[in-house]
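1. Any chance you can model this:
(one chain, ligands or ions: 1)
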Amino acid sequence: MADLTTNFAGVRSPNPFWLASAPPTNSAYQINKAFEYGWGGAVWKTIGDPVLNVCNRYGAFEYGGKRLVAINNVELISDRPIEVNLKEIREVKRLWPDRAVIVSAMVSSNEQAWKTVVQQIEDTGADAIELNYGCPHGMSERGMGAAVGQVPEYCEMITGWVTSAASIPVIVKLTPNVTNIIPPAHAALNAGADGISLINTINSIAGVDLDSFEIRPNVGGKGSHGGYAGPAVRPIALHLLSQITSDPTYQARPVPISGMGGVETWRDAAEFMLLGATSIQVCTAVMHYGFRIVHELTTGLSNWLDEKGARQAEEVVGASVERISVFGDFDLSFRTVATIDESKCIQCNLCYVACDEGAHQCIDLTADGLRIDPDTYEGGTTLQPVVREDDCVGCDLCSLVCPVDGCITMVERPPKIPPVTWNELVRTRPEVTTDWDAMVAYREEVGIEIH
Ligand SMILES: Cc1cc2nc3c(=O)[nH]c(=O)nc-3n(C[C@H](O)[C@H](O)[C@H](O)COP(=O)(O)O)c2cc1C
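-> Residues are numbered from 1 along each chain as shown. Below is the predicted model of the structure:
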């Protein structure tokens, strides 16, 4: 069995799965229970300045009959007195020396307040501190959370206060509510952060009630933006993670990254690891299904690592980063076409409609092998979609809408033009990239058809 032991900036845990700072890590009762189930670590629900919470505080995004595709929340940091939290953190760490106990903190943006909370956390014996620069609601209006994470200068200044005072590792948790994640990531690195975690929640409104016109979640008739998390945010989280791990400045002096945002299964976790996450945090999936999901996470990851011939989880960390590219470096000659396996096709014709109306008109409907016009066809037989391979632009839409697994696949075909990238064209044939007449001439020259 592959070794799942994780070393994150010196913080050790028996597996890479940590509970994210959120309702499941609100108390010693919960974290003790989670550790009994096998969680490798936990980031305590953010502690800091006094707060009062509201009802209702969660809203759901449901889709296609699936509950909690995402959760939205207007919850604040821990509303339990800080002394209660600190006492429980101390107890948990004493009981579970082999687990990662990390404390998330957020206090007013003044140096003394941060230094005091750092000292309080260190006194509990906790393994590390996570700085919550992400909370997008309630705390940000008070100059904390996302109000810090969105301004790299604040991010660097406060991280510097903390790293200069802390003797345990400092992890900076970034907000996704920025147009570019790199400046706040650099700010964290410049200030000596030992690790980065991301993503915190994304600004959102869960929905609007069509009868009462109320915003969801509804707080006594009013609503506001809240933080979005759960499976729906995973592609955004993966992208932001990949932006950091493929950044040359980060690569020149990397720190471990704790990835989160929509992890529900071991497969989700493996994707984060391939893009460079050393540990994985989970919140919404635990709020939905409970602590027991850690069994599937650990056994699934371990089996997959065995299949891949990896003896240690860390061997796969970042293995896909070298594949992250920019559009300008894509090979424009790479060619795939859609192929339909007629033995699997149920003749629903979704692929035909998608291609005809939503894409590039490369699929015909046929009856008895002959192309027919579906608008005038009066025969009784079911119609078979057939791809006109020469016209297929390889966009993938038909295979994405096809309801039958493995019925439509994208198959690689020999290129029709010599290998070339957009960046090479910019260098060697700049006129082609700025003038449409030159572009049309270039297409004729190399044989790229216009559809
Ligand atoms: C209800 C709720 C409360 C949260 N509270 C905190 C918090 O106190 N501190 C923090 O850093 N992140 C908090 N988060 C964000 C999570 O730690 C995590 O970054 C986010 O939910 C993405 O992970 P997920 O998709 O697994 O839920 C909260 C998330 C939710 C849904």
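2. Extract the residue ranges of this structure that are flagged as low pLDDT.
-> 451 (pLDDT under 70).
3. Up against the ligand, what does it have?
-> Listed as neighbours of the ligand in the chain under the rule CB under 6 Å from any ligand atom: 20-23, 45-46, 58, 71, 73, 75, 77, 104, 132, 134-135, 173, 200-201, 227, 229-230, 233, 260-263, 282-285. Quick note: C-beta positions are derived from backbone N, CA and C, even for glycine.
4. Among the residues you listed, which ones are in strands?
-> K45, T46, Y58, I71, N73, S104, N132, K173, G227, A229, V282 (DSSP state E).
5. re earlier: what about burial for the residues of the chain next to the ligand, which qualify?
-> Buried by 16 or more other CB atoms under 10 Å: 20-23, 45-46, 58, 71, 73, 75, 77, 104, 132, 134-135, 173, 200-201, 227, 229-230, 233, 260-263, 282-285, out of the residues of the chain next to the ligand.
6. got the end-to-end distance for stretch 210-229?
-> 23 Å (CA to CA, to the nearest Å).
7. Give me the buried positions along it.
-> Buried residues in stretch 210-229 (16+ other CB under 10 Å): E214, I215, R216, P217, N218, G223, H225, G226, G227, Y228, A229.
8. so who does N132 touch?
-> Each residue near N132 by CB atoms under 8 Å, 6 or more residues apart in numbering is listed here: S21, T46, G48, I77, S104, A105, M106, M144, G145, K173, N200.
9. Please list all residues in contact with the nearest residue to it once chain neighbours are set aside.
-> Among residues not flanking N132 along the chain, M106 sits closest, at 4.2 Å (CB to CB, 6 or more residues apart in numbering). Residues near M106 by CB under 8 Å, 6+ apart: T46, I47, G48, D49, I77, L131, N132, Y133, C135, M139, M144, G145.
10. before we move on, what about S204?
-> Applying CB under 8 Å, 6+ apart, the residues contacting S204 are A70, N72, H225, G226, G227, Y228.
11. Please repeat the previous calculation with a cut-off of 10 Å.
-> 59, 61, 70-73, 136-137, 177, 225-229, 232-233 (CB atoms under 10 Å, 6 or more residues apart in numbering).
12. ok, now how distant is the closest residue to the ligand within the stretch 101-250 of the chain from T284?
-> Nearest to the ligand in the stretch 101-250 of the chain, going by CB to the nearest ligand atom, is A229, at a distance of 3.1 Å. Going from A229 to T284 by CB to CB, to the nearest Å gives 5 Å.
13. what do you get for D437?
-> 52 Å.
14. and the helix or strand D306 falls within, what other elements does it pack with?
-> Per DSSP states H and E: D306 is located in helix 293-307. Other helices and strands packing on helix 293-307, by 3 or more CB pairs under 10 Å, 6 or more residues apart in numbering; DSSP states H and E, are strand 17-19, helix 28-37, helix 266-274, strand 279-282, helix 284-289.
15. C-alpha coordinates for that helix, CSV please?
-> Only the C-alpha atoms of helix 293-307 are listed here, as CSV (Å, rounded to 0.1, in the frame of the first residue of the first chain):
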residue,chain,number,x,y,z
ILE,A,293,-16.1,10.0,3.7
VAL,A,294,-12.4,9.9,4.8
HIS,A,295,-12.4,6.1,4.3
GLU,A,296,-13.2,6.5,0.6
LEU,A,297,-10.7,9.3,0.3
THR,A,298,-7.8,7.4,1.9
THR,A,299,-8.5,3.9,0.4
GLY,A,300,-9.2,5.3,-3.0
LEU,A,301,-6.1,7.5,-3.1
SER,A,302,-4.0,4.7,-1.8
ASN,A,303,-5.3,2.2,-4.5
TRP,A,304,-4.7,4.7,-7.2
LEU,A,305,-1.2,5.4,-6.1
ASP,A,306,-0.5,1.7,-6.1
GLU,A,307,-1.9,1.5,-9.7
